[in-house]
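Asks: Build me a model:
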Amino acid sequence: MNAVGLISNCTMKPSCRILISCRNSSFFGFPPAKCHHSLANYSSKFRLNFDRGSHSPFPILGFRRIISDTQKNFGLPSSNFGQSRVISRSFSLNSINGAVSVVPRVVSRVRDFSTSVEAHVNDSNFEKIYIQGGMKVNPLVVEKIDKDEDIASDEELRIQVGGKNVKTENSKGLNVSEDGNPESRGKETDIKKEAWKLLENAVVTYCGSPVGTVAANDPGDKQPLNYDQVFIRDFIPSALAFLLKGESEIVRNFLLHTLQLQSWEKTVDCYSPGQGLMPASFKVRTVPLEEDKYEEVLDPDFGESAIGRVAPVDSGLWWIILLRAYGKLTGDYSLQERVDVQTGLKMILNLCLTDGFDMFPSLLVTDGSCMIDRRMGIHGHPLEIQALFYSALRCSREMLSVNDGSKNLVTAINNRLSALSFHIREYYWVDMKKMNEIYRYKTEEYSMDATNKFNIYPEQIPLWLMDWIPEEGGYLIGNLQPAHMDFRFFTLGNLWSIVSSLGTPKQNEAILNLIEAKWDDLVSHMPMKICYPALENEDWRIITGSDPKNTPWSYHNGGSWPTLLWQFTLACIKMGRIELAQKAVALAEKRLSIDSWPEYYDTRTGKFVGKQARLYQTWTLASFLTSKMLLENPEMASVLFWEEDYELLETCVCALNKSGRKKCSRVAAKSQILV
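Replies: Presented below is the predicted three-dimensional model:
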């Protein structure tokens, strides 16, 4: 097993550090007085090697102790949390070409050597971790794990092709032809070659290693704003494209570096990110030092520089989803078992599962906190966030190291999963039958047995919906709050509800039926509409604040976004409707290259390139590539979606049941499943 060398700090090469602000200066436990807008510099003097005789291949980032029962249960940091520490006993020091690298010796079974906090917090060797060099110690070690025969034997992926088991070797170089026989990677079309070239040109390097892709790479754009940054949500299709191609280094680096940028300081003051929040994006900046020396720094944006100054709720959720996908597609589960990764994962969960002034199991968020990052009237409990939240909880339940320190968190996850699935399936679902029920709602009901639990007035049903919804289809509405149902169809939330099995099997099938029946409205000339219908006239003025970019049928307000293509493809493969995905990909393939891979399209039918759309948008071309690879090898898609979890249907977390005031039943939910 080999490791990739980290960059040196010699004269003509950049050193590396994290750029942070003074308000977060206690990041990794260092006192505010030492804040110099940097976290750590890489040393150029040593080559570190792990001793095979040690108990576990600890990462460079370690933690001395966890304090109090609460912190043990939820992974909360102590006052010394996150201090940069180096293992004291297991290194041999060498200098090779002025570079620093960490080479762990071969371990036969990675998953037997978990580096979770709980697994080693009482280990005598854990207390031997100490500070060396203070601010000069870099807390991140980026390792590149090459193929190891022992690991591969335990973690290899196998798929069924033509009735036979086929070893995927972590998906690298495997395609499946239309007749179901495995074959080597065939000739790529000119469009695919162009897309791959553009994707590779969009790669951002930090200290010589790839760490992500810029949002857009249009050479003619004189005002890139923040499109020259690496966004967590934008990088997801790029990461999947690289993973499906067998290139995992960039994804591993991305996961570890964004973990370093996570807000680790608990704050309550204004304009500061909460503990556990992942940044929306980051930028690699080159900072001159003296003479011909310079260094690279990572500069995160938590929303304080974004339009609207809204924190990105979805970044941490996408990070968790990508972490699981990395393990599933590479077979390398050691990353998710690292002590820093486990702790960062718990911090995100704690941020999402914290108590608040809310009665619902869904997440309460502000407008613009997700892919729709401008004011569009989605404040409250938008479907997109709930679907991603549900997916992240299911991912976390798979990846968390279960022990005495995390069992309470696992219980909280299971309870929230059960409550959230019931809440969304029961109250967000709309089809012709439910429409008739809402149409005859009685209001002002005060009782535990009320039918109209959210006091929805039937007059809220829009006229367009009565004639639009098909007999055999349905969908999950965009938002639900007291006396308010947002009946707009939001594509990402509905697609991800299919992928994560947030909806019932019957509901998932109905969503695709609706998309097929309303193809001209939701797909037409370019897949897919981000939402339908668009806000127009007075609604547009009031709800968007007269946003000139979100005019009707443009951008977030009914624009067509090709980046939704990979999620549509994944949903179709899961539900056995591959022909729909093939039809959508074929539509996109005809135009994307000709139109220079734009960010979005305008008008009701998506005929025109968006009036302010960036060209050579990275997640547009990455989504196209991911969709193509998933269609060429549908078996690989199975590790990226979830099937129905029947155990959740057995769990009742109704607070009324616990208080004895009313007995809760899951019969209604089960009846929807067992069809």
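
Asks: pLDDT weak spots in the chain?
Replies: Scanning the chain with the threshold set as pLDDT under 70 gives 1-188, 266-269, 652-675.

Asks: if you set the cut-off to 50 instead, what comes out?
Replies: 1-15, 20-187, 655-663, 665, 668, 674-675 (pLDDT under 50).

Asks: distance of the nearest residue to residue 527 once chain neighbours are set aside from residue 606?
Replies: Among residues not flanking residue 527 along the chain, residue 584 sits closest, at 4.2 Å (Cβ to Cβ, 6 or more residues apart in numbering). Quick note: C-beta positions are derived from backbone N, CA and C, even for glycine. With distances taken as Cβ to Cβ, to the nearest Å, residue 584 is found 12 Å from residue 606.

Asks: list residues touching both of the two?
Replies: With contacts defined as Cβ atoms under 8 Å, 6 or more residues apart in numbering, the residues shared by residue 584 and residue 606 are 523, 527.

Asks: contacting residues for residue 327?
Replies: By Cβ under 8 Å, 6+ apart, the neighbours of residue 327 are 333, 335-336, 399.

Asks: Quick one: name whatever helix or strand follows whichever strand or helix holds it.
Replies: Element membership of residue 327 [criterion: DSSP states H and E] is helix 313-330. Remark: after helix 313-330, the chain's next helix or strand is helix 339-353, criterion DSSP H and E.

Asks: same for that following helix, what does it pack against?
Replies: helix 69-74, helix 117-120, helix 249-261, helix 313-330, helix 383-399, helix 407-427 (3 or more Cβ pairs under 8 Å, 6 or more residues apart in numbering; DSSP states H and E).

Asks: Was I right to think residue 227 contacts residue 234?
Replies: No: in this structure residue 227 lies outside contact range of residue 234 using Cβ atoms under 8 Å: 9.2 Å.

Asks: and those two? which has more neighbours close in?
Replies: residue 234 (25 against 20; other Cβ atoms under 10 Å).

Asks: May I ask you to confirm that the more buried one belongs to a helix?
Replies: Yes: assigned with DSSP: H, G, I helix; E, B strand; the rest coil, residue 234 falls within a helix.

Asks: Might you report the residue contacts of it?
Replies: Contacts of residue 234 (Cβ under 8 Å, 6+ apart): 213, 215, 281, 618-619.

Asks: just those now: which is nearest residue 300?
Replies: Relative to residue 300, the closest of those is residue 281; by Cβ to Cβ it sits at 7.4 Å.

Asks: which of the residues in stretch 396-405 are buried?
Replies: 396-397, 399-401, 405 (16 or more other Cβ atoms under 10 Å).

Asks: for the residues you listed, which one is nearest residue 251?
Replies: Using Cβ to Cβ, residue 399 is the member of these that sits closest to residue 251, with 15.3 Å.

Asks: Now the terminal residues of stretch 623-640, how far apart.
Replies: Start and end residues of stretch 623-640 are separated by 14 Å (Cα to Cα, to the nearest Å).

Asks: Give the buried residues for it.
Replies: Result for stretch 623-640 [16+ other Cβ under 10 Å]: buried residues 623-637, 640.

Asks: got the CA positions of the helix holding residue 327 in CSV?
Replies: Taking Å, rounded to 0.1, in the frame of the first residue of the first chain, the C-alpha atoms of helix 313-330 are listed here in CSV:
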residue,chain,number,x,y,z
VAL,A,313,-27.9,23.6,4.9
ASP,A,314,-27.4,21.1,2.1
SER,A,315,-23.6,21.1,2.0
GLY,A,316,-23.2,18.8,5.1
LEU,A,317,-25.9,16.5,3.8
TRP,A,318,-24.3,16.1,0.4
TRP,A,319,-20.9,15.6,2.1
ILE,A,320,-22.3,12.6,4.0
ILE,A,321,-24.0,11.2,0.9
LEU,A,322,-20.7,11.4,-1.0
LEU,A,323,-18.7,9.8,1.8
ARG,A,324,-20.9,6.8,1.6
ALA,A,325,-20.7,6.7,-2.2
TYR,A,326,-17.0,6.8,-2.0
GLY,A,327,-16.9,3.7,0.2
LYS,A,328,-19.4,1.8,-1.9
LEU,A,329,-17.8,2.5,-5.3
THR,A,330,-14.1,2.1,-4.2
